[in-house]
Every structure is written in C-alpha cells, then in structure tokens.
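# the sequence and its predicted three-dimensional model are supplied below.
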Amino acid sequence: MHQLRKCLGVDLGTSSVKIAEVSLEKSGVRVTRMLSRAVDLPPGPMDATRQSAVIQCVRDLLKENKITTKQAVFCLPGQSVFIRQIIVPRTSEERLRRIVAYEAKQQIPFALENSIMEYQVFDLGNPNEVKVLLAAAKLDTVNEFMKFIEKTGLTPVAVSVSSMALFNFHVFDAAGYEALLAELQPGRAAKKAPTRVTGAEVEAEAAAGAPAGAPAKKGFAFNLPKFDLSALLGKKKPAAVVDAAGGGDGGPEPRELGDDYFGEDEGLEEIKAFVGIGASAFDLVIARFGKHKVVGFPRSVPWGSNDLNRSLQEKLGLPSVEEAEAVKRERAMVILPGREDEIEALGADPDASEFATSWADRLVLDLRKSFDYYISQPDGMAVDSIVLTGGGAQLRNLPEYIEEKLGIPVTVKTQLETKSLSLPPASTDLLLSGFVNATGLALTGLGLGRVSVDFLPPEQKTIREFKRKNVELGLLVGAIVAMLAISTQVGQADIENKRAFLDRESGTIQRANQVRAELEKAKQERQAVSDRITLLSKVMGDRAFWLEFLGVLQAAKPADIVIRSLTMRPDGTVDLIGETKVLGSISTFQENLIKEKKWIDGKPELSSPRRQFSPLINEEVFAFRMTMKARGKVTRLAEARQTLLPGLTAPTPAPTAAPMPGMVPGGMPPGGVPPGGPGAAMLGL
C-alpha cells in the first residue's frame, strides 16, 4: 500500500453511510472527521435504488462538510470474499508465487478465470516457513462494486474487506503508531504491494510453465545514484508488507492453517474476538495478540440488527421500521437470567425485551459455533475476551448476556487504548464504536494496516501507481539535473579536499567495517539461539490435549462423584482419586470411560472402594482410585475437523447431538462452560 498523508475511510452500509477522515502527523494519527448519515429507505438488499440513495448520502456528506480529500478506501462485505490461511515453505519469491497459485486453484470454491486473487505474506520468524493470507473475490462482484463507488466522486486507492478493516483498527489501537511502524519497518526499503493475480492469468501462466502470478515486466528500468527524496517530498517512507523471498527451494509441502502460526517463542499471548455488529451483517475476527498480532480466524455472517427491527415491527404491530428502531433503542433490553424483575423497573417493554433476548440467543449460538470450530483446529485456543463494536452492540444488557452464556469477558469498544490515535473533540463513546470499520479503512489507506489485502482492479492499480511514480520520477530527474549543474562548478581544489578527507578518515572507515562485521557475527549467534528455542517449543506438544481430555472426564463422570486428585503424566498415564456417596456411581464412571475408546486405552483399573470421612461434605463417602492410559498422547488425540467442504465459503453448523452425561440441555455443562473451554480444569471441585 502506497503512503498517503490524508485519507478517507468510507463504510457503505445498507442502513447508513459512515466516513472517517484520517491524517498522518509526526506523533501519530488524527481522526479529523467522523461523519454519518442514515439511508432514507426501509431495510433491504443493496439494489439499484438503495445504491443511488447511498451515493447521494456520500455526496451530501462531502459537500455539507466541505471535505476536499478525494483519496478513499472502501471495503467489500466479508461474506462476498473467500479467505483462507496457509503455511508454505520459506523459498524464493518466484517459487512462492507458484505455490500460492497452486493452492488457490485447490482452495477457491469458484472459477479462477472469473476471480481476483490476493495474497499477503507474513514472516513470523520461522526459518523454514512463512504464513500466507489468501483471499479471493469473484471478478463480477468487484467490477460491480467499482462501478458503484466510482459514482461517489471519490478516488478509490484501495478496496479492502470489512473483517480486515475491523482487525486493522484493533491492531493499531493495541500496538500504537510507533510499535506498528517498527513491525512494518524492516521491509520498507524493499516494499512491494500485495500480489494481485486474476484467475485467467493463473491458468495461462500455469499452462505456459511460467511462475504463476508473476507480474509482466513493463516500461523501463535504469540504475541511478542513491538519492533520498523523502526530504524533498515531505513524506515518510511507506510501510511495507514483509517480503516472502529468502531461503532455498527445499522444504515441506504447503499445509492448511487452521488458526495462526508462530515461528518464535511468543511468551504469553491473548486470544481476542472482535465482533462488529452491523445492520445487515456482523463480522467476527479471532486474533492472536502476542509478539505478532495476526488473524486467527475471520468470519462474516449475513444477518444483523435489522433482523431484530423486523421482528419487533411484525410481532408488536408497529407501522414502520423507524418506530421499531426507536423501540429497540429506548424500550428493549436483553433479559439476564435471574434478573427478570429489572425489565419493568428500568422502564423496558417486556414483549420487546423477549424478542431482543431471542435475537441475542441467535448471536450467542453463532459465536459459540465459531469459537468451537476455532478451538478444534490443530493450534486452536480458547478465546480470552470479546470486544463488541457497531450499532447492534448498543443493545442494553447485550455484553452481560453474552458473557453469562459463553463464560468469556465481554466489553463494548468505547475507549481508545493507544495515545497515538486522537479523535475529534466532539466525539462520544458511542461514536467510536460505530466508526471502527471506517477508521480501520482509513488507516489502511495511510499504509498502517497490518493486513493490506487490496481488491482494486489491476488496471486501476496500474494507473494509480503510474501517477504516483510519474511525480517521483519528475522530481528525481530534476534533482539529477541540479546535481549535474552544481558538479560542473566544482573545482579541482574541492575534489582534492574531498580526497584528502577520505585519506584522513580511512582509519575510521576501517574501524566501522570491523564493527559491522562484529555486529553481523553477533546477529548470527542470536539467530542460532532463536533456532534452538524454536526447536524446543516444537517438542512441547499440543497445549490443548489435556484440556480436551479433561472435558472427556467431565462428560463421563456422574454428577455425584467429586474428583479429589488428578495426576496426568507425559506418557499419558492418568491417576484419579475420587469420592462419592453412591457406590454404584463408581462402576458407572468406569463403564462410561470404557466407551471412550478414542480417548482411553483399554479398561481403567479401579481399586476397591473404601469408606472414609469426607471433610468436604462432613459425611462418610466411598473413596476410590482409578488408573487409566490416555490413547494417542504422542500426537493429537482426535483429528481436526475438515476446514471447509468443497464449494462452501463458511463453516457448516455443527450437528446437534444428545446431551452427554453431566451436561444440561443445550450442550453446556453445569455452570455454562463447555468441555475443554475456560474453567474445564475445575472438574468436580
């Protein structure tokens, strides 16, 4: 992404238009404008009538607020873009392009000749592999979207994805300007835009034996003396996507990436889920916030807060959607379990609140399915916290309800974490939550997006780059002419003075070269230590194995049994000490474990129960010891779910199963925590 000093982020929704104007300053980034206008139409699809209304909203906002900035970043809806993450061997750029093109042909569920494919390479420090974010959209979808946004009168400099705009905002908010720039800094000198390949080009190049996706060489090239134009241009050097080149042609074959990949010792990391609830859709991005802030799992669901408005209008007999929206904001609230009396006390409408709670249950179900799918991946982990944004996040009691149902802390984004992003003086807490996507798009336009996937059509990107390079080329030619004019006036005396200076400073130059050699040696030694740490981290095994095993024990254990001690050894041997008031429950527990053939190897050994006094319940109980062997401890116990069936662009819903022993209806154990999820290690204590 090329560098701009000022950019607009334009979020074109079906119910409203939001524009954020962002400018780059020395100390960080300033949001100078946050503008919004509702589309004066009832909820519906983005047809020709609604497109005309949206375009008029954009033009009115620009004119009324006297906005002169024309460069803007737009976004495609997340559900119209196919996104997948894969791991490929670290290799040359040419071979990497061929690998990604081959993977695209296998993964993309629609015809390549009718699509635009984008990928971005992330170097996370592993000496053998790199992570690749692969994205594709149908060519017809992109072309129709370009015709739509060109009528706004703005100049599109990039076309991102709604879920990636959400992710980019939260990364900037968590890392800050300086830290994010430091992460993007290493590749700035050799910056290359994310590679864009059309489906037809992939097919043609594959048939010709050329590197798939390799750009055609155009124009001319020549070598010039090194000359830094940043001072003349008044610009900072643009941040770059990390280049994928490096290493040899060897290495393992590419493999699909279920969540994220890390090649270095990351230490503690936090798994966050960012949920942007819009009018007609909501975006979910599970992100890993460790040393490298990367996408773990993105998903876009085609329903949102408009569904609640329609339900309120139909069920309550309201004459218009506007009145339903007013009821939702002023008289509806999600009913928290055990706090039903609060409805009338807070002046809420009981019927409207019932419908709001049903809508919230649907949201919780979709989130739970996504979290379960993410955890089932080879390196999947439980989500630590959820952050809500968007207009739908303002529904009263929604964060508390989701937290109660999922057992995960939930907050609404109302405050900035970073000091390097400043908002307009008149902005409010609710304003920030609604402008997250628009601000994330504008940050991407400034070159500060962690993910810079760009679906701008190739011909328009070529024109954009040509215009930018023409300006820089003109300045460069002017600078060369000036240098030649000055050099002709330099006398022989000045040349001799410079030679004498070089002779005097030859010792300093020699010492500098020695220091540089020592630094290079130290860098190689540091890399050797890093490689050893990487190897050590690989033998630590699957961190989620024992959490899943504890979930199996919890499901098999009768409710009256309390586990007093549980020892799990590296070789898979498990010693369990428990107690119960019902003698028959011990044999039931043993029989349930025997049925878990995928988890338990053979029949658990059971000692003879003995009566003893339990200080936990101040009664006599039957104490017993059980020893078992966990099956498949050397690798993963259960195979990961299939990522996506051919032809699908979103995970299929998990099949409904009968509750397991120890589970309440709805698939949740007592206390509302799923097996293997947060708090699973508590068992019966």
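Everything's here; your move.

# per-domain residue ranges of this protein.
6-215+234-304+362-456, 457-489, 545-682 (automatic domain parsing).

# looking at these, which is buried most?
Greatest average neighbour count among these goes to domain 6-215+234-304+362-456 (a mean of 19), per mean count of other C-beta atoms under 10 Å. For glycine as for every other residue, the C-beta is placed from the backbone atoms N, C-alpha and C.

# how far off centre is it?
Between the centre of domain 6-215+234-304+362-456 and the centre of its host chain there is 7 Å, according to C-alpha atoms, centre = their mean, to the nearest Å.

# and residue 609, what does it touch?
Shown in contact with residue 609 (C-beta atoms under 8 Å, 6 or more residues apart in numbering): 583, 586, 622, 623, 624.

# in terms of helices and strands, where is the last one?
Meaning residue 624. strand 619-629 (DSSP states H and E).

# ok, that strand: who's next to it in the sheet?
strand 573-580 (antiparallel), strand 605-606 (antiparallel), strand 610-614 (antiparallel) (DSSP bridges).

# the helix or strand encompassing residue 87 packs against which elements?
Element membership for residue 87 (DSSP H and E) is strand 81-89. In terms of contacts (3 or more C-beta pairs under 8 Å, 6 or more residues apart in numbering; DSSP states H and E), strand 81-89 is packed against helix 93-107, strand 129-138, strand 255-256, strand 293-301.

# okay if I get the ones you listed as TSV plus mean pLDDT and distance to residue 182?
Formatted as TSV, these follow (pLDDT from 0 to 100; distance: least, C-beta to C-beta, whole Å):
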stretch	mean pLDDT	distance to residue 182
helix 93-107	89	24
strand 129-138	91	19
strand 255-256	47	30
strand 293-301	89	12
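
# for residue 57, which of these is the nearest?
strand 293-301 (22.7 Å; C-beta to C-beta).

# ok, residue 324 touching residue 305?
No. Using C-beta atoms under 8 Å, residue 324 is not in contact with residue 305; the gap is 10.5 Å.

# weakest of the domains of the chain by average pLDDT?
When these are compared on mean pLDDT, domain 457-489 scores lowest, with a mean of 64.

# report the central residue of the protein.
The centroid of the chain falls nearest to residue 295 when counting by C-alpha atoms, centre = their mean (3.1 Å).

# what bridges to it?
According to DSSP bridges, beta-bridge pairing links residue 295 with residue 287.

# try residue 74
Going by DSSP bridges, residue 74 forms beta bridges with residue 159.

# that one touches residue 149, doesn't it?
Yes. Assessed by C-beta under 8 Å, residue 74 is found in contact with residue 149 at 5.1 Å.

# okay, and the common contacts of the two?
By C-beta under 8 Å, 6+ apart, the residues touching both residue 74 and residue 149 are 10, 12, 156, 159.

# would you list the residues you listed in CSV and tack on distance to residue 371?
Converted to CSV, the shared contacts of residue 74 and residue 149 look like this (distance: C-beta to C-beta, whole Å):
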residue, distance to residue 371
10, 31
12, 29
156, 35
159, 29
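
# a markdown table for those, including secondary structure and distance to residue 394?
Shown next, in a markdown table, are these (DSSP: H, G, I helix; E, B strand; the rest coil; distance: C-beta to C-beta, whole Å):
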| residue | secondary structure | distance to residue 394 |
| --- | --- | --- |
| 10 | strand | 22 |
| 12 | strand | 21 |
| 156 | strand | 30 |
| 159 | strand | 28 |
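
# from these, pick the one nearest residue 93.
residue 159 (24.3 Å).

# mind listing what the closest one touches?
Counting by C-beta under 8 Å, 6+ apart, residue 159 has contacts 73, 74, 75, 76, 142, 145, 146, 149, 454, 455, 456.

# all helices in the stretch 451-600 of the chain, in order from the N-terminus.
With DSSP state H, counting those that start in this stretch, the ranges of helices along the stretch 451-600 of the chain come out as 458-487, 492-504, 506-538, 545-556, 584-595.

# please state the offset of the third one from the chain centre?
If you compare the mean C-alpha spot of helix 506-538 with that of the full chain, they lie 34 Å apart, counting by C-alpha atoms, centre = their mean.

# tell me the angle of that helix relative to helix 492-504?
Going by axes from the mean of the first three to the mean of the last three C-alpha atoms, to 10 degrees, helix 506-538 is angled at 50 degrees with respect to helix 492-504.

# can I take it that residue 369 is in a strand?
No. Counting by DSSP: H, G, I helix; E, B strand; the rest coil, one finds residue 369 to be helix, located in no strand.

# distance of it from residue 301?
The gap separating residue 369 from residue 301 is 10 Å, by C-beta to C-beta, to the nearest Å.

# rewinding a little: can you give me how far the strand holding residue 624 is from the chain middle?
A distance of 45 Å separates the centroid of the chain from that of strand 619-629, by C-alpha atoms, centre = their mean.

# can you start the count at 13 instead of 1 from here on
Sure thing, new numbering starts at 13, so read that last one as strand 631-641.

# do you know how far residue 573 is from residue 615?
Residue 573 sits 18 Å away from residue 615, going by C-beta to C-beta.

# and residue 620, helix, strand or coil?
Once three-state DSSP is applied, residue 620 turns out coil.

# got the contact list for it?
Counting by C-beta under 8 Å, 6+ apart, the residues that residue 620 touches are residue 636.

# ok, now the one 3 residues further on?
When the contact criterion is C-beta under 8 Å, 6+ apart, the partners of residue 623 are 632, 633, 634, 635.

# ok, what's across the strand from it?
Using DSSP bridges, the bridge partners assigned to residue 623 are residue 634.

# how far away is residue 127 from residue 511?
Distance, residue 127 to residue 511, by C-beta to C-beta: 60 Å.

# related to what we said a few turns ago, identify the farthest-apart pair in the contacts of residue 171.
Taking C-beta to C-beta, no two of the contacts of residue 171 sit farther apart than 85 and 154, at 14.6 Å.

# before we move on, the earlier item: tell me the angle the strand holding residue 636 makes with helix 596-607.
If you take the same axes, to 10 degrees, strand 631-641 sits at 20 degrees to helix 596-607.

# export strand 631-641 as PDB, just CAs?
The C-alpha trace of strand 631-641 is given here as PDB (Å, rounded to 0.1, in the frame of the first residue of the first chain):
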ATOM      1  CA  GLU A 631     -20.200 -37.200  55.800                       C
ATOM      2  CA  GLU A 632     -18.900 -40.700  55.100                       C
ATOM      3  CA  VAL A 633     -18.200 -41.500  51.500                       C
ATOM      4  CA  PHE A 634     -16.800 -44.200  49.300                       C
ATOM      5  CA  ALA A 635     -13.200 -43.300  48.300                       C
ATOM      6  CA  PHE A 636     -11.700 -44.900  45.200                       C
ATOM      7  CA  ARG A 637      -8.600 -44.800  43.000                       C
ATOM      8  CA  MET A 638      -8.700 -45.200  39.200                       C
ATOM      9  CA  THR A 639      -5.700 -45.500  36.800                       C
ATOM     10  CA  MET A 640      -6.000 -45.300  33.000                       C
ATOM     11  CA  LYS A 641      -3.900 -44.700  29.900                       C
END
